[in-house]
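Undergrad: this one's sequence-less:
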């Protein structure tokens, strides 16, 4: 039985707790959160040890892993402490506020057998997994470019309250939305190295950007555009779409379906010449327990599996997520350089 | 419970198969009269049971039902609450507790400002989640006032979150409250039906009403089809089946034939927006009865 703790019991902390609380090999022993309401109710329902100070929690509780679901700005100091305590860690995305602090954390992991994972859950969506497989299998040939979009209605008016509207705490559409697209591009095409044509726009928020547009060039020669806007009321909920063009065809995918166009028939994979459509119901298998979508369960069960198997290479390590932080920093610099 | 219930996903841009298809539907139903036309068509086809989320626009539909109280005299409603996306931006901005407080305090309709303020402001933060639950149920149920409500469903994200937490007494408190206050049965929507049924039976809810996807390909059925079939065959509960065609993966006749095999599937919830589709689905369900 693996003993776990949660630091930050907001929407994601609560979701992760709920999903893993039903895992047969997991027992939660402690939660840390500043909210009295949360702690009071956890006290009412659970025998958990409760804390408002994460250091105290890590000092006083014996555990195997910790889930860090606090605002991004606090990740670094918490993760640092968790590494010192020798805990396996699952950290919400994005990983760190600056590449410098992220590098320090990745360096600290060196030589330590600690499982580390960041919550870029699109990597665990079955449609996107299938898309990765067919791109890697060469079905659409050599990739020329992609268009990688994320839209939603998260911010529809000016707001100064809440950490998402504060730059210093990790707010803004760059860290919340664009980070998903950047990580997803990394997942499909490998590390990006060049950034150009970046635009960060405020639409309603007074202090943070609500839209991000940029061009990435990857080490393998693939390039593509990222287009992100979290102030688009026309979307009912967050929406991701990627279109990848290759010399032998193209694929357009969102979280629920992919459409594959092939210039030639592919008998090995039962694809026709022309359009092929696959929907999530055909691709997704049941999970042991689902809250807010199976991808969340897949990513957490993967984390627990890696701890049990002593496998340090998770599907999204700190080092993987650090590459996204690196690109985020480049986008900001690119935009700043052209703005002055 | 009614054998056939028409759902409302199709009206509000929800499609489990395709987000683009969902958007196309949202366009089609931008005009509330387009929705009312479909509801009237279903009514003409003999359907009397309708399920609605607490989407803001459902308020207008309820107003229409109240205005035509003679025409809709035998209407039976199966509300699902809360409509989560309505609160998503508030939760982003203020956190879960902040959002609840905001919703409760900003609700000043029906001259209840003072009482809600007192109940909301003080209780939500100091008391337990059961009081909070009651308050939110009342707020969400306001739009259905004076209409005949048969079952009040807890939406699946909330049900499944609580199921994972294991806070069973909120489920039993919800069931009791809904029965006493609204003279309706409590229902629970879930994507984890077998586990939920065990928990509800375990906390003493008799013959619980549970709504979940039920189809032979296992779409939105966790952990798997076999566990669902076992629960349906062995557990004392009333099942309401949705997504029986698994968003298009199963043909209509095969879908209905499959759910008709299970005696404790009391109702089938389906979505349709044309007369032909409504008629066809209704006839199929009646054929396999």
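TA: Alright, I've got the coordinates. If you're wondering where the values come from, they're calculated on a predicted model, not measured in any experiment.
Undergrad: tell me where the chain has helices.
TA: Going with chain A. Using DSSP state H, the helices of chain A run over A:11-21, A:36-45, A:54-60, A:75-84, A:99-109, A:126-136, A:173, A:179-189, A:280-283, A:294-309, A:318-339.
Undergrad: not what I meant, chain B
TA: Ranges of helices within chain B are B:19-28, B:32-44, B:58-67, B:84-106, B:113-117, B:125-126, B:129-141, B:156-165, B:168-182, B:193-202, B:225-234, B:252-260, B:275-287, based on DSSP H.
Undergrad: now those in TSV, with mean neighbour count?
TA: C-beta here means a position set from N, CA and C on the backbone, and glycine is covered the same way. Shown next, in TSV, are these (neighbours: other CB atoms under 10 Å in any protein chain shown):
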stretch	mean neighbour count
helix B:19-28	17
helix B:32-44	17
helix B:58-67	16
helix B:84-106	18
helix B:113-117	13
helix B:125-126	14
helix B:129-141	19
helix B:156-165	23
helix B:168-182	18
helix B:193-202	20
helix B:225-234	16
helix B:252-260	18
helix B:275-287	16
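Undergrad: lowest average pLDDT across those helices?
TA: With a mean of 47, helix B:113-117 has the lowest mean pLDDT of the helices of chain B.
Undergrad: identify the residue nearest residue B:134 in space, chain neighbours excluded?
TA: Distance criterion CB to CB, 6 or more residues apart in numbering or on different chains; nearest residue to residue B:134, sequence neighbours excluded, is residue B:177 at 5.5 Å.
Undergrad: returning to what we had before: closest one to residue A:8 among the helices of chain B?
TA: For residue A:8, the closest of those is helix B:84-106, at 10.6 Å, according to CB to CB.
Undergrad: quick one: low-confidence parts of the stretch 1-150 of chain A?
TA: Counting by pLDDT under 70, the stretch 1-150 of chain A contains no low-confidence segment.
Undergrad: for chain B, what's its nearest residue on it.
TA: Here the residue of the stretch 1-150 of chain A nearest chain B is residue A:18; by CB to the nearest CB that distance is 2.9 Å.
Undergrad: can you tell me the closest non-neighbouring residue to that residue?
TA: residue B:164 (2.9 Å).
Undergrad: same deal with residue A:328?
TA: In space, residue A:328 is closest to residue A:174, 6.0 Å off (CB to CB, 6+ apart).
Undergrad: so what's that neighbour up against?
TA: A:200, A:208-209, A:212, A:228, A:328, A:331-332 (CB atoms under 8 Å, 6 or more residues apart in numbering or on different chains).
Undergrad: equivalent analysis for residue A:13, please.
TA: Contact partners of residue A:13, counting by CB under 8 Å, 6+ apart, are A:6-7, A:31, A:33, A:67, A:69-70.
Undergrad: got the buried residues for stretch B:203-221?
TA: Within stretch B:203-221, the residues that count as buried by 16 or more other CB atoms under 10 Å in any protein chain shown are B:203, B:205, B:208-221.
Undergrad: ok, and of those, which contact chain A?
TA: B:217-221 (CB under 8 Å from any CB of the partner chain).
Undergrad: of all pairs in the residues you listed, which one is the farthest apart?
TA: Farthest-apart pair in those is B:217 and B:220; separation 10.0 Å (CB to CB).
Undergrad: overlap of the contact sets of the two?
TA: Counting by CB under 8 Å, 6+ apart, the residues touching both residue B:217 and residue B:220 are A:281, B:246.
Undergrad: out of the buried residues of stretch B:203-221, flag the one nearest to residue A:49.
TA: residue B:203 (25.4 Å).
Undergrad: residues contacting the spatially closest residue to that closest one that is not a sequence neighbour?
TA: Spatially, and ignoring its direct neighbours in sequence, residue B:203 is nearest to residue B:168 (4.0 Å; CB to CB, 6+ apart). By CB under 8 Å, 6+ apart, residue B:168 lies in contact with B:199-200, B:202-203.
Undergrad: want to throw those residues into TSV with distance to residue B:76?
TA: Output for the contacts of residue B:168, formatted as TSV (distance: CB to CB, whole Å):
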residue	distance to residue B:76
B:199	27
B:200	23
B:202	30
B:203	27
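Undergrad: ok, so of the contacts of residue A:174, who is nearest residue A:53?
TA: For the contacts of residue A:174, the closest approach to residue A:53 (CB to CB) belongs to residue A:208, at 28.2 Å.
Undergrad: what about the nearest residue to the closest one once chain neighbours are set aside, how many residues nearby?
TA: Distance criterion CB to CB, 6+ apart; nearest residue to residue A:208, sequence neighbours excluded, is residue A:172 at 3.5 Å. Residues within reach of residue A:172, counting by other CB atoms under 10 Å in any protein chain shown, total 24.
Undergrad: gap between the residue nearest to residue A:171 when sequence neighbours are not counted and residue B:130?
TA: Spatial nearest neighbour of residue A:171, excluding adjacent residues (CB to CB, 6+ apart): residue A:164 at 4.4 Å. Per CB to CB, to the nearest Å, residue A:164 is found 30 Å from residue B:130.
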